[in-house]
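From the sequence below, what's the structure:
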Amino acid sequence: MKKFVLLLAISLAITPAASAVPKKVALKKVESVLSVPGAEMLAISGKSIITLATVDSRTADIALNAFDLSGKLLWQKLIDSGADEIAMATAVDGAGNIWIAGFSSKVNTVVTESTTAAAENPDAISIEPALPIRGDLNNLSVWKIAVTGEVSAAYQYPLETPGLINSISVTNSGISIVGTLAEKPFLQNMTAAGVFSKPITLGSSKTTINAVVRNSDGTFSHFGSSTESLGGKKLAGVRDGVLIKVAKSGSLSTVVRSSAIKGDRSWLTADSNLLLSGYVKIGKTTETAITKFSGTFTPTWTIRLASSGQSRALVAGGTSYAALGSKSALANITGWKPSKVQLLVVGLDAKGVITSAFGSNELGDPLALAYSKDVGLVGLALNGDQIPVIFRIATR
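From the prediction side, this is the model:
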């Protein structure tokens, strides 16, 4: 009997304590600031909330609008060089400069026909002037916008074909851009002085890179999805989420796969703190995965929430925040019972436990999320009419 009691005591001593039940969190309301029709991206510079959009007239141009927290317009800027320009990704550096990555064409030319004699026009029909011929959008372009809205620099790198850009990362040492070129994922680096390196291909058309982070040691971290073997790591699900580290030389040094048996996974966003968000689809079930990784791509914590699959995430003031299109009630969030896809923003602590929640029955899938000490946490989401709306979260 004494031996049994002793063994029981030892067992209890080495058995880890049960995890504490997460406390219920009361839902707070997301504050809608302003409807911004046509807005595609959002950034914060100083005390300004800036929206970006590509607008079409005689040429495609880039429109920037800066607002304060009340929704008051502070300034407007139209990037129009006379050629087509489109914005695809944006980031803000430590000085508040707004960096835009996209594509542009060469300056348009007008086709004219030479004649040796005056053309007959007995009915006096007015002839419309010839329209300019639009060139291919095959110049990878980067614009640097000052806090005041002025274009302080513009850089171009000519390519053979147009491409798509999914993400841009900016540090004091330079800029990294990822996207798709010739149906393959690519990485393009540029120094702070505007000198481009040659594009680096990261896999085949079976791989998609959605986000890039420049690391302090000169390496580059990439996040997305793939259905092919990469770095010796084979496909485990229908589609795996992937974390890829690229060395200074441009070679793949580390590949980690995030897999679900018979599942479709992809990482959609990542910030410099390696907080990632993405979707997990298994059968008819779709969830958003929010995971904090270490620099070696080891997960610190992870959480999954039922969603539409769309999400954005970042670390702000020591708290991890994720915005997602939520479509069902969550047990630990009181007052949240969406009847359709609705915007939900959750705050998580250092262990991945939800400590705050903000929701809106007027907004749906998130398009962007940004933070600064001066402005706080703001984002962009679609309303019921599919019009982008700037929203704000009262984090303090």
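
Show me what the residue minimising distance to the centre of the chain bridges to in the sheet.
Closest residue to the average C-alpha location of the chain: residue 269 at 5.1 Å, with C-alpha atoms, centre = their mean. Beta bridges link residue 269 to residue 277 when assigned by DSSP bridges.

quick one, what contacts it?
Taking C-beta atoms under 8 Å, 6 or more residues apart in numbering, we find residue 269 in contact with 210, 211, 223, 276, 277, 278, 311, 312, 313, 314, 369. Heads up, the C-betas are built off the backbone N, CA and C, glycines and all.

Show me what secondary structure element comes after the helix or strand of the chain with the lowest mean pLDDT.
Within the chain, confidence by mean pLDDT, DSSP states H and E is lowest for helix 2-14 among all helices and strands, at a mean of 37. Next helix or strand after helix 2-14 toward the C-terminus (DSSP states H and E): strand 25-29.

Could you list every helix and strand that that following strand packs against?
strand 333-334, strand 354-360 (3 or more C-beta pairs under 8 Å, 6 or more residues apart in numbering; DSSP states H and E).

So which of those strands is the most surrounded?
Counting by mean count of other C-beta atoms under 10 Å, strand 354-360 has the highest mean neighbour count of the helices and strands packed on strand 25-29, with a mean of 20.

who touches it?
22, 25-30, 32, 303, 319, 326, 330, 332-333, 335-336, 338, 342-349, 381, 391, 393-395.

need the contacts of residue 269 in CSV with neighbour count, distance to residue 78 and secondary structure, can you?
What follows is the contacts of residue 269, written out as CSV (neighbours: other C-beta atoms under 10 Å; distance: C-beta to C-beta, whole Å; DSSP: H, G, I helix; E, B strand; the rest coil):
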residue, neighbour count, distance to residue 78, secondary structure
210, 22, 28, strand
211, 22, 28, strand
223, 29, 33, strand
276, 28, 35, strand
277, 29, 32, strand
278, 25, 34, strand
311, 27, 31, strand
312, 24, 27, strand
313, 28, 31, strand
314, 21, 29, strand
369, 25, 26, strand
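
which one of those is nearest residue 264?
Among the contacts of residue 269, residue 278 lies closest to residue 264 (C-beta to C-beta), at 10.4 Å.

Any idea what residue 359 is bridged to?
Residues in beta-bridge contact with residue 359 (DSSP bridges): residue 29, residue 344.

For PyMOL, what selects the buried ones among the contacts of strand 354-360?
Restricted to buried positions by 16 or more other C-beta atoms under 10 Å, the PyMOL selection for these reads:
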select buried, resi 25+27+30+32+303+319+326+330+333+336+338+342+343+344+345+346+347+348+381+391+393
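
Mean pLDDT and distance to residue 192 for the helices and strands packed on strand 25-29 - can I get that in a markdown table?
Putting those into a markdown table (pLDDT from 0 to 100; distance: least, C-beta to C-beta, whole Å) gives the following:
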| stretch | mean pLDDT | distance to residue 192 |
| --- | --- | --- |
| strand 333-334 | 96 | 43 |
| strand 354-360 | 97 | 37 |
